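# the amino acid sequence is not available; the structure is as follows:
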């Protein structure tokens with residue numbers, strides 16, 4: 001089964017708002033084994049909307065649509081689907097009742113315009129919207145003629161464009177509905193599970209070269225590799241009849257990845273480097289402060305934003321970004337202000353943009369603040385050439401600093 005995701009709205013085609021719905025839905029589809037081969041964005045123009053839908057039903061079996069289900073004149077998704085399929089719009093009385101109840105709970109009279117949200121293309125089912133006035137549309141249509149490589153039907157599922165509503169509706173019923181459809185098509189219960197293993201320290205091509213036999217399309221279970229802001233993720237996906245069998249299939253490949261990459265791996269799932277570090281520090285009752293120049297407070301923000309309780313974090317000092325600064329000076333400042341176990345440092349950036357032709361460097365360091373001797377307190381001090389795309393240079397140094405601390409607190413015996 002192949003899918004297409006259509007996002008609708010003038011605010012998207014004008015570039016005023018970024019389309020995050022398509023990215024999110026693609027990940028959800030991948031988790032149940034469906035490839036989203038096409039992303040289409042269309043403005044609030046009825047003819048254009050009908051055009052993209054006609055193209056989509058020729059090349060996809062499942063079309064997920066977001067946007068255009070509101071009560072205003074430019075919310076045309078209901079009409080576009082109905083006209084493309086060749087059916088009228090009909091009022092769904094149950095949907096109308098639910099919309100009225102939402103306004104009653106809010107203590108407001110329902111505007112006449114909201115009645116349109118209860119209309120659905122004939123033959124469709126409404127998708128429950130727990131906290132919004134726009135029910136979704138679920139319509140399955142038998143193809144009038146066969147299309148090579150496609151199923152003998154296609155399914156359109158339309159959701160509001162508001163991300164919070166769309167995500168809640170998908171998690172409330174959408175994923176289960178599609179999973180049930182897949183089980184019926186295959187004649188058996190079908191379960192997909194995955195493990196996402198995160199690493200930092202080498203590039204995507206270097207990681208792939210270390211694991212040449214598993215990152216190819218013929219390997220089972222399948223392994224994908226992605227890079228995001230210098231974090232490399234290996235995603236293992238397995239399909240079976242039960243969750244237990246899926247994870248049993250995944251385990252040997254995961255073990256191979258761990259044995260090959262070793263300390264480059266920092267976590268799985270939703271883990272970020274700061275979560276791993278805060279978890280370890282909290283468990284060992286150790287504390288941390290940061291002193292940063294160059295990263296403009298972003299290192300402190302990264303630690304403070306950890307999903308783990310940041311009990312370990314005492315605060316930070318932000319120094320001027322682009323002037324020479326000595327690590328010893330930073331250590332002295334940190335000790336004067338913070339009574340902590342560790343200080344995490346990022347040095348100042350050279351003046352100007354990153355340039356591969358220059359040899360300037362920026363340092364990151366981990367300091368044992370319990371030791372009184374300045375030089376003996378330096379656990380690790382590493383210099384890196386100041387090179388990289390300006391859009392990711394901050395993130396790169398932040399992760400270098402946090403990862404250096406991670407390796408020290410996770411792989412040394414005195415922590």
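Everything's here; your move. Because the structure is predicted, anything quoted here is derived from the model rather than measured.

# drop to CA atoms for contacts and neighbour counts, all remaining ones
OK.

# how about residue 344, secondary structure?
Put simply, residue 344 is strand when judged by DSSP: H, G, I helix; E, B strand; the rest coil.

# can you name the residues that contact it?
By C-alpha atoms under 8 Å, 6 or more residues apart in numbering, the contact list for residue 344 reads 288-291, 364-367, 401-402, 405.

# what ranges do the helices span in the chain?
Ranges of helices in the chain, per DSSP state H, are 10-13, 21-31, 46-59, 77-85, 93-105, 163-169, 175-186, 204-210, 243-261, 273-284, 298-304, 327-337, 393-411.

# for the closest residue in space to residue 406 that isn't next to it in sequence, what are its contacts?
Closest residue to residue 406 apart from its sequence neighbours, by C-alpha to C-alpha, 6 or more residues apart in numbering: residue 277 at 5.5 Å. Neighbouring residues of residue 277 by C-alpha under 8 Å, 6+ apart: 402, 405-406, 409.

# and what of residue 369?
For residue 369, the contacting residues are 335, 339-343, 377, by C-alpha under 8 Å, 6+ apart.

# please repeat the previous calculation with a cut-off of 7 Å.
335, 340-343, 377 (C-alpha atoms under 7 Å, 6 or more residues apart in numbering).

# repeat for residue 61
By C-alpha under 7 Å, 6+ apart, residue 61 lies in contact with 1-3, 150-151, 153-155.

# mind running it again at 10 Å?
Contact analysis of residue 61 by C-alpha atoms under 10 Å, 6 or more residues apart in numbering lists 1-4, 140, 149-156.

# buried ones from the residues you listed, can you make that a ChimeraX selection?
Applying 16 or more other C-alpha atoms under 10 Å to those, the buried members can be selected in ChimeraX as follows:
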select :2,3,4,150,151,153,154,155,156
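
# in CSV, list the contacts of residue 61 along with pLDDT and distance to residue 100.
Listed next are these as CSV, based on pLDDT from 0 to 100; distance: C-alpha to C-alpha, whole Å:
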residue, pLDDT, distance to residue 100
1, 86, 38
2, 91, 37
3, 96, 34
4, 98, 33
140, 97, 27
149, 85, 44
150, 89, 40
151, 92, 38
152, 93, 38
153, 95, 34
154, 96, 32
155, 97, 28
156, 98, 26
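
# right, and out of the contacts of residue 61, which lies closest to residue 56?
Closest approach to residue 56 among the contacts of residue 61 (C-alpha to C-alpha): residue 4, at 6.6 Å.

# bridging residues for that closest one?
Beta-bridge pairing for residue 4 (DSSP bridges): residue 38, residue 63.

# below-threshold pLDDT in the protein: ranges please.
Filtered on pLDDT under 70, the chain yields the residue ranges 322, 352-359, 413-415.

# any idea how far residue 332 is from the residue of it most remote from its centre?
Relative to the centre of the chain, the most outlying C-alpha is that of residue 373, 43.9 Å out, by C-alpha atoms, centre = their mean. Separation of residue 373 from residue 332 (C-alpha to C-alpha, to the nearest Å): 11 Å.

# tell me the domain ranges of the chain?
According to automatic domain parsing, the chain comprises the domains 2-186, 191-268, 273-411.

# start and end of stretch 227-247, how far apart?
Span of stretch 227-247 from end to end, C-alpha to C-alpha: 24 Å.

# show me what counts as buried in it.
By neighbour count with 16+ other C-alpha under 10 Å, stretch 227-247 contains the buried residues 230-240, 246-247.

# identify the residues contacting residue 112.
Residue 112 is in contact with residue 71, counting by C-alpha under 10 Å, 6+ apart.

# how far away is it from residue 96?
From residue 112 over to residue 96 (counting by C-alpha to C-alpha), the distance is 11 Å.

# about what we covered before: of the helices of the chain, which is nearest residue 349?
Using C-alpha to C-alpha, the nearest of those to residue 349 is helix 393-411, at 9.8 Å.

# buried set for the closest one?
393-406, 408-410.

# same question, stretch 39-50
Judged by neighbour count using 16+ other C-alpha under 10 Å, the buried positions of stretch 39-50 are 41-46, 49-50.

# got it, and stretch 98-113?
Result for stretch 98-113 [16+ other C-alpha under 10 Å]: buried residues 98-100, 102.

# next, give me the two most distant ones among the contacts of residue 369.
Farthest pair in these, by C-alpha to C-alpha: 340 and 377, 12.7 Å.

# overlap in contacts, these two.
368-370.

# among those, which ones are in strands?
Of the positions in those, residue 368 sit in strands, assigned by DSSP state E.

# could you dump the shared contacts of residue 340 and residue 377 to JSON lines with distance to residue 31?
Output for the shared contacts of residue 340 and residue 377, formatted as JSON lines (distance: C-alpha to C-alpha, whole Å):
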{"residue": "368", "distance to residue 31": "43"}
{"residue": "369", "distance to residue 31": "45"}
{"residue": "370", "distance to residue 31": "47"}
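
# nearest to residue 384, of the shared contacts of residue 340 and residue 377?
Comparing the shared contacts of residue 340 and residue 377 against residue 384 with C-alpha to C-alpha places residue 368 closest, at 21.1 Å.

# the closest one and residue 345 touch, don't they?
No. Contact status for residue 368 versus residue 345: not in contact, 11.4 Å apart, counting by C-alpha atoms under 10 Å.

# ok, those two, which is more surrounded?
Neighbour totals were compared for residue 368 and residue 345, and residue 345 leads with 27 against 20 (other C-alpha atoms under 10 Å).

# contacting residues for the more buried one?
289-293, 299, 316-317, 327, 330-331, 334, 363-367, 381, 398, 401-402.

# from residue 330, how far off is it?
8 Å.

# any shared contact partners between those two?
Counting by C-alpha under 10 Å, 6+ apart, the shared contacts of residue 345 and residue 330 are 290-293, 317.

# check those residues and tell me the two furthest apart.
Based on C-alpha to C-alpha, the longest span within the shared contacts of residue 345 and residue 330 runs between 290 and 293 and measures 10.1 Å.

# tell me how far residue 41 lies from residue 392.
The gap separating residue 41 from residue 392 is 27 Å, by C-alpha to C-alpha.
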